[in-house]
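Participant: what follows is a predicted structure for the sequence shown.
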Amino acid sequence: MRILLVEDDAEVARFVKKGLQEAGHTVEHAPNGRDGLFMAASESFDVLVLDRMLPGGVDGVRLVETLRGQGNRTPVLFLSALNAVDERVKGLKAGGDDYLTKPFAFAELLARVEALGRRPAAEVPTTRLKVADLELDLLSRTVTRGGRKVDVQPREFRLLEHLMRHAGQVVTRTMLLEKVWDYHFDPQTNVIDVHVSRLRHKLDKGFDKPLIHTVRNAGYMIRAEA
Amino acid sequence: MPNTSPANLPLIGLLRSASGRFALLFTAMFAAAATAAAVVLWWNTAGALDRQTDAAIRADATALVERQRDAGLTGLVAAIEDRLALDVQNESLYLLLAPDRRVLAGNLAVWPGEADVDAPWIRMPLLRDGTESEARMLRVELAGQHRLLVGRDVAEKLRLRGLLSEGIAWAASSSAAIALLGAWLLRRSLERRLMPVYGTAAAIGAGDLSRRVPLSDRQDEFDRLGMTMNAMLDRIAQLMEGVRGVSDAIAHDLRTPIARARAKLEEALGDAADEEALRAAVEQGIADLDGIARVFKAVLRIAEVEAGARRAAFAPVDMVPTLADAADLYGAAAEAREQVLAVDLPEALNLVGDRDLLLQAVANLLDNALKFTPDGGRVALSARVLDGVVEIAVADSGPGLAPDDRARAGERFFRADTSRNTPGSGLGLSLVRAVVALHRGDVVLEDTVRGREPPGLTVRLRLPSG
């Protein structure tokens, strides 16, 4: 993916750029809002990673508003040192797609960037999701593995649906909390792990190949091969 | 403030002060009203006299013209002489002139030059018996080129007009003086009432935050201003207290984990036997930093909630799905430890508030309850509406809380001695208290079952509905 990083702190920018490049992405870096806006408007990117507060008169929110005003729909991830709930809402209202508060773990940033970049451009209505022998029917809301029905609770169904829509990608615990439970705070305990392990237990019972994998220091991923 | 002693220049001093300007405004309005009254008075007295005189002259002239028509010139001369003889007040003026400018009758010696203009009505000065006066005359052209002047001496009216003007001038100047005095008095009393407010504001500005505006018991606008200022100052003091609390908390309770993380990293740098050990130490260091960041975030969140700014985002919420979500989220964790999480919710729990904050508060309570309840224990989440109060209760079967500790639970970083070995930052209940206070509710802590050992802890959030 081609990613534009607009971040004024040189150290954070270097760290993020290096990490994204190691994950196989092309990264352009702009140190201020004006340059960032110019690059974002004149070139094509898959994802924009923007610091919320930028020098040079154009801050992250202004940048996104300007881009959206021009009809540019490139997904935007805000990075911000502002933790207040209102700030998050403000960022998303301006046209941001996701919001990550500093300090953050790089794995969290990478997972969110990849989730944004691989989001289907237009929501294609799908009725079935499939990973290896696991199938999810969105109409009848049933789960089958190897043709055998697996009983899941509604919340587990949504959890599995989210993982399967991002099959092959890392989904972090906070992403699950936000997307499946609509929680926007850190519950400080391993509540998500318990839900995932319960779901995993249900899916893998009687099968030798696990489907939901734990990615160390990051989150979870569902994929076919071990 | 420029100090141009206003005592020396009272008028400029008045204009500089708002109260002075108010007072002068009222003076001006007062003067305008007085002028209007004088104009009406003038119209009704002097004006009426004028009109009355004109009417009398016109009637007199008409009568004389008829007389000439009926009785001829001699009749007219006789009538004029009759009238002059009967005029005791000596106000009437007549002059009858023949075509050859000879005076036929009347008490005027000569035909006045003013009477040769086109307009029939004439106003002219008059000198009679050595006193100056004024006359009002009507010129009438008679048949046969005779001309007649009929008029009145209006000296009396002039005297009345003079009296009126003098009276109005006196009234105007004395009312202006009274108004200026009133303005000065008003300004002085306003200043006297505002002086304590200035004093308090100046003292606060100089750093003495304990000062408050003294109130009189009059309950007037100034007292209301004082009360509003005092309420604002109380709020500021409370916020300052909160900020101080946060900085104290950061100073005391973040230093320790930072020191610990730093020590571990430094030790690893010096003593790590191999790369594996160094890597493990760095990972531990990152985990410690994450923990510190999490505590920091929680402290800031509490401060944000306590500042009360989020009340602006309040909306009507039904708490039932929110509570069910929280129970769902923690249900799996309870199950993993073979604890029972019992949920008892009514049909609907409507209140006006911030869904995310309330959810976080309930999540913190459930988190605490599950943490302190032993494996296989029971935690109950219940809710009900009682007399317009939404009560949400989380009851656990843990060790409970000693009565002395209950009051302190909710202070930032407070942890009861019995909980030292349970993971946690001691901020969970602080946030709960802050959220409930934001919703103008209260938090009650009590034993789940009194007298049992362990008693367990029940936390009740009582929130006003609607």
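Facilitator: Good, I have the coordinates.

Participant: OK, contacts around the residue nearest the centre of chain A?
Facilitator: Nearest to the geometric centre of chain A sits A:Arg112, at 2.7 Å (Cα atoms, centre = their mean). For A:Arg112, the contact set (Cβ atoms under 8 Å, 6 or more residues apart in numbering or on different chains) comprises A:77, A:98, A:100, A:172, A:175. Using the backbone N, CA and C atoms, a C-beta is placed for each residue, glycine as well.

Participant: could you redo the last one with a cut-off of 6 Å?
Facilitator: By Cβ atoms under 6 Å, 6 or more residues apart in numbering or on different chains, the contact set of A:Arg112 is A:77, A:98.

Participant: any idea what B:Val459 is bridged to?
Facilitator: B:Val394, B:Leu445 (DSSP bridges).

Participant: that one contacts B:Ala395, doesn't it?
Facilitator: No. The criterion here is Cβ atoms under 6 Å, and B:Val459 misses it with B:Ala395 at 8.0 Å.

Participant: which element is A:Leu177 on?
Facilitator: For A:Leu177, the host element (DSSP states H and E) is helix A:173-180.

Participant: which one of B:Val459 and B:Ala395 has more residues nearby?
Facilitator: For B:Val459 versus B:Ala395, neighbours defined as other Cβ atoms under 10 Å in any protein chain shown are more numerous around B:Val459 (27 against 23).

Participant: contacts only, for that one.
Facilitator: Contacts of B:Val459 (Cβ under 6 Å, 6+ apart): B:365, B:394, B:445.

Participant: and these as a markdown table, adding pLDDT?
Facilitator: Converted to a markdown table, the contacts of B:Val459 look like this (pLDDT from 0 to 100):
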| residue | pLDDT |
| --- | --- |
| B:Leu365 | 92 |
| B:Val394 | 94 |
| B:Leu445 | 89 |
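
Participant: so which bits of the helix or strand hosting B:Ala281 are buried?
Facilitator: Assigned by DSSP H and E, B:Ala281 belongs to helix B:275-307. Going by neighbour count (16 or more other Cβ atoms under 10 Å in any protein chain shown), the buried part of helix B:275-307 is B:281, B:285, B:288, B:291-293, B:295-299, B:301-307.

Participant: about what we covered before: can you tell me how far the residue nearest to the centre of chain A sits from B:Gln238?
Facilitator: 38 Å (Cβ to Cβ, to the nearest Å).

Participant: also B:Ala273?
Facilitator: For B:Ala273 relative to B:Gln238 (Cβ to Cβ), the value is 54 Å.

Participant: who has more neighbours, the two?
Facilitator: Each of B:Ala273 and B:Gln238 has its neighbours counted (other Cβ under 10 Å); B:Gln238 has more, 13 against 8.

Participant: and that one, which of the three is it?
Facilitator: At B:Gln238, secondary structure determined by DSSP: H, G, I helix; E, B strand; the rest coil is helix.

Participant: ok and the residue in chain A nearest chain B?
Facilitator: A:Val194 (4.3 Å; Cβ to the nearest Cβ).

Participant: check which residues of the helix or strand where that residue lies are buried.
Facilitator: For A:Val194, the enclosing helix or strand under DSSP H and E is helix A:191-204. Of the residues in helix A:191-204, those buried by neighbour count under the rule 16+ other Cβ under 10 Å are A:191-196, A:198-200, A:202-204.

Participant: lowest average confidence, helix or strand, in chain A?
Facilitator: helix A:85-93 (a mean of 80; mean pLDDT, DSSP states H and E).

Participant: so that one, near chain B or not?
Facilitator: No. Under the criterion of Cβ under 6 Å from any Cβ of the partner chain, helix A:85-93 makes no contact with chain B; the nearest approach is 6.8 Å.

Participant: show me what the helix holding B:Ala281 is packed against.
Facilitator: helix B:221-249, helix B:255-271, helix B:428-438 (3 or more Cβ pairs under 6 Å, 6 or more residues apart in numbering or on different chains; DSSP states H and E).

Participant: could you list the residues in contact with the shortest one?
Facilitator: Meaning helix B:428-438. B:302, B:305-306, B:357, B:361, B:364, B:368, B:409-410, B:412, B:443, B:461.

Participant: by neighbours, which of those residues wins?
Facilitator: Counting neighbours by other Cβ under 10 Å, B:Ala361 comes out on top of those with 29 neighbours.

Participant: could you list the domains of the chain?
Facilitator: You didn't say which chain, so I picked chain A. A:2-117, A:128-222 (automatic domain parsing).

Participant: let's do chain B instead
Facilitator: B:221-306, B:313-464.

Participant: now for these, which one comes closest to A:Thr126?
Facilitator: domain B:313-464 (25.6 Å; Cβ to Cβ).

Participant: low-confidence ranges in the chain?
Facilitator: Since you didn't name a chain, this refers to chain A. A:83-84, A:119-124, A:187-189, A:226 (pLDDT under 70).

Participant: oops, wrong one, chain B.
Facilitator: Those would be B:1-15, B:246, B:249, B:252-253, B:410-426, B:466, if you go by pLDDT under 70 across chain B.

Participant: mind listing the strands for it?
Facilitator: B:92-97, B:103-106, B:121-128, B:131-141, B:147-153, B:315-318, B:340-344, B:350-353, B:378-386, B:389-395, B:442-447, B:457-464 (DSSP state E).
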